[in-house]
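K.L.:
Below are the sequence and a predicted model; questions follow.
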Amino acid sequence: MPKILVADKITPAGVEILESAGYDVDVNTGQTEDQLVELAPAYDGIIVRSASKITKRIIDAADKLRVIGRAGVGVDNIDRDAATARGVVVMNTPLGNITSAAEQALALMMSLVRHTPAADASMKAGEWDKKKFTGSELSGKTMGIIGLGKVGGIVNRVCQALGMKVLVHDPFINPKRAKDLDVELRDVDSLLRNADIVSLHVPLTDDTRGLINAERLSLMKKTARIVNCARGGVVDEEALAEALKEGTIAGAALDVFASEPLPAESPVRSLPNAILTPHLGASTDEAQEKVSEDLARQFVAFFERGEIQNPVNLAVTLKPHLSAFAQLAETLGKFASQVVSGGVSRVEVGCYGEIGRSADDAHVLSVLALQGVLASQTDSRINLVNVGRIAESRGIELNERRAEKARSYKNVLAVKVTTGNAERTVTGTVFEGGESRILGIDESDIDLRPAPWMLLMKYQDKPGMVGKFGSILGDANINIAGMSVGRREKSGEAIVVLTVDDPVPDAVLSSLKTAIDADEIHKIRI
């Protein structure tokens with residue numbers, strides 16, 4: 001049974017789901033990096049929230065580690081590059097706290113324009129100063145939303161209900177969708193120039209780091225305010241502090257920071273026109289319950305059924321309608337790579353028929369075929385996390401071809417593997433009911449149901465050959481479960497593939513090659 005480390009606090013309901021699945025669960029929170037380096041090698045999975053940092057040192061030390069789960073959306077506290085290099089899946093729970101995060105952004109926005117925190121502090125100090133805390137209405141103002149995902153979408157709906165005009169910057173929203181949502185698409189600079197309130201809802205990436213800097217703050221209205229409940233690094237905090245001091249903008253509300261916990265000496269701490277909260281976007285009872293339970297169920301699906309839900313570092317995402325062909329693609333890749341000699345330099349994958357209509361689908365199948373090739377070429381763990389990186393490191397080129405028509409069959413998948421001195425193409429299809437078949441090897445037609453152990457032999461076809469290899473395998477107590485023959489002409493060169501119940505030892509392989517004078521002989525493990 002998998003062993004799971006819960007390194008940050010999740011709800012008891014999440015722990016119970018894992019334990020009910022029979023997993024060995026250790027809740028051990030508040031550990032330092034050095035302590036996690038010592039602990040990690042014992043675990044198959046690690047669960048964190050935002051407190052623990054899963055660094056390269058920790059990942060490199062964890063030989064058994066297969067998955068890291070973040071009970072929440074942001075995964076910037078996990079070294080994804082290190083996880084990817086080791087083939088470790090990183091997954092999050094993007095839906096559990098979207099409502100809580102949106103509500104926090106809205107609460108901060110309203111607090112900013114009505115000076116709620118300062119008025120509260122004044123009242124508790126024994127004062128009654130109504131004029132000092134005169135605020136502004138949101139109705140009729142212009143809202144600028146950077147990132148119109150699920151959280152930004154909730155903010156948009158509420159702002160429109162309040163009578164606000166909404167400007168949006170999101171490169172993934174097309175004009176038709178913007179029209180349907182009744183928002184105006186703008187570039188970042190135009191949005192900042194025209195918005196009265198700006199709310200950020202983007203992940204922290206190389207493109208968004210420092211997105212709001214001194215130059216862009218200078219574009220905003222002096223009466224404008226900014227809200228950040230996304231990721232701290234999106235805003236240059238020193239530039240923001242300076243803009244607030246100088247009156248470049250009127251106010252800011254921050255729930256997230258570049259360094260958390262926020263250092264005592266941070267310049268934003270002392271600003272009267274800034275509202276600060278300690279990363280409370282997901283800190284509701286409902287959100288904590290949802291993300292904990294969601295992640296626990298994702299772990300169960302991963303360890304029990306091999307399902308990868310909400311991954312953030314896969315080369316491709318497997319779609320349900322491709323599942324049968326996904327298995328075939330990997331099988332063809334494994335088969336082809338084991339019947340050539342030398343290191344693979346190029347893999348070409350052809351998708352023909354219905355599976356060739358979508359470039360995205362063809363790419364997914366190509367990557368899965370590449371995964372099959374690499375699985376037979378290296379002892380490293382190969383999966384959809386690290387397949388691209390390992391192929392690149394080995395100088396393997398991936399080419400993709402597709403067409404909407406296939407010869408003789410509704411769909412055909414072809415995998416060609418090239419080495420320095422050989423080339424081999426294996427084709428296959430999936431029949432109704434999901435049964436995979438290998439249809440051809442190079443130019444020879446064949447009808448082969450893939451099996452865990454197979455043996456390919458290439459020789460000049462003549463009477464008595466079946467008896468020879470049958471006797472040798474029988475003497476070695478290896479049962480032949482099936483045989484498929486492909487040849488282009490009578491008494492010509494034949495390709496024979498046997499499915500066998502057990503692996504064929506090298507000594508038996510050598511005897512077979514000599515007995516039938518084989519041009520080629522390969523044992524294949526799928």
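P.N.:
Structure's in. What do you need? If you're wondering where the values come from, they're calculated on a predicted model, not measured in any experiment.
K.L.:
residues touching residue 342, list them.
P.N.:
419-422 (CB atoms under 8 Å, 6 or more residues apart in numbering). In short, each C-beta sits where N, CA and C put it, glycine included.
K.L.:
show me what contacts the closest residue to it other than its chain neighbours?
P.N.:
Spatial nearest neighbour of residue 342, excluding adjacent residues (CB to CB, 6 or more residues apart in numbering): residue 419 at 3.7 Å. By CB under 8 Å, 6+ apart, the contact set of residue 419 is 340-345.
K.L.:
and the gap between residue 18 and residue 50?
P.N.:
20 Å (CB to CB, to the nearest Å).
K.L.:
Compare these two (neighbour count), which wins?
P.N.:
Between residue 18 and residue 50, counted using other CB atoms under 10 Å, residue 18 has the larger neighbour count: 24 against 19.
K.L.:
any idea which helix or strand carries the more buried one?
P.N.:
helix 12-20 (DSSP states H and E).
K.L.:
Stretch 337-348: how far from the chain's middle?
P.N.:
27 Å (CA atoms, centre = their mean, to the nearest Å).
K.L.:
Show the model's pLDDT score for residue 168.
P.N.:
Per-residue confidence at residue 168 stands at 97 (pLDDT).
K.L.:
What strand or helix carries it?
P.N.:
strand 165-169.
K.L.:
So what are the sheet partners of that strand and their directions?
P.N.:
strand 142-146 (parallel), strand 184-185 (parallel) (DSSP bridges).
K.L.:
quick check: mean pLDDT across the shortest one?
P.N.:
If I follow you right, that is strand 184-185. 96.
K.L.:
Please enumerate residues in contact with that strand?
P.N.:
165-170, 173, 175, 178.
K.L.:
What is the helix or strand of the chain with the lowest mean pLDDT packed up against?
P.N.:
Sorting the helices and strands of the chain by mean pLDDT, DSSP states H and E puts helix 387-393 at the bottom, at a mean of 87. Here helix 387-393 touches helix 359-375, going by 3 or more CB pairs under 8 Å, 6 or more residues apart in numbering; DSSP states H and E.
K.L.:
buried ones in the helix it packs on?
P.N.:
361-375 (16 or more other CB atoms under 10 Å).
K.L.:
That helix packs against which elements?
P.N.:
Under the contact rule (3+ CB pairs under 8 Å, 6+ apart), helix 359-375 is packed against helix 323-337, strand 344-353, helix 387-393, strand 397-403, strand 411-419.
K.L.:
Pop the domain breakdown of the chain in here.
P.N.:
As given by automatic domain parsing, the domain ranges for the chain are 3-94+287-305, 98-276, 320-525.
K.L.:
Mind checking the pLDDT average for the first one?
P.N.:
Along domain 3-94+287-305, the predicted local confidence has a mean pLDDT of 95.
K.L.:
next one: it to chain centre, how far?
P.N.:
For domain 3-94+287-305, the distance to the chain centre is 15 Å (CA atoms, centre = their mean).
K.L.:
wait, which of the contacts of residue 342 is closest to residue 145?
P.N.:
Checking the contacts of residue 342 against residue 145 with CB to CB, the nearest one is residue 419 at 52.4 Å.
K.L.:
Return the set of residues that bridge with that closest one.
P.N.:
Beta-bridge partners, per DSSP bridges, of residue 419: residue 344.
K.L.:
All the helices of the stretch 101-250 of the chain, residue numbers only.
P.N.:
116-124, 150-161, 175-181, 188-194, 214-217, 237-246 (DSSP state H, counting those that start in this stretch).
K.L.:
of those, which approaches residue 23 most closely?
P.N.:
Closest to residue 23 of the helices of the stretch 101-250 of the chain, according to CB to CB: helix 150-161, at 29.6 Å.
K.L.:
Alright, that wraps it up for me.
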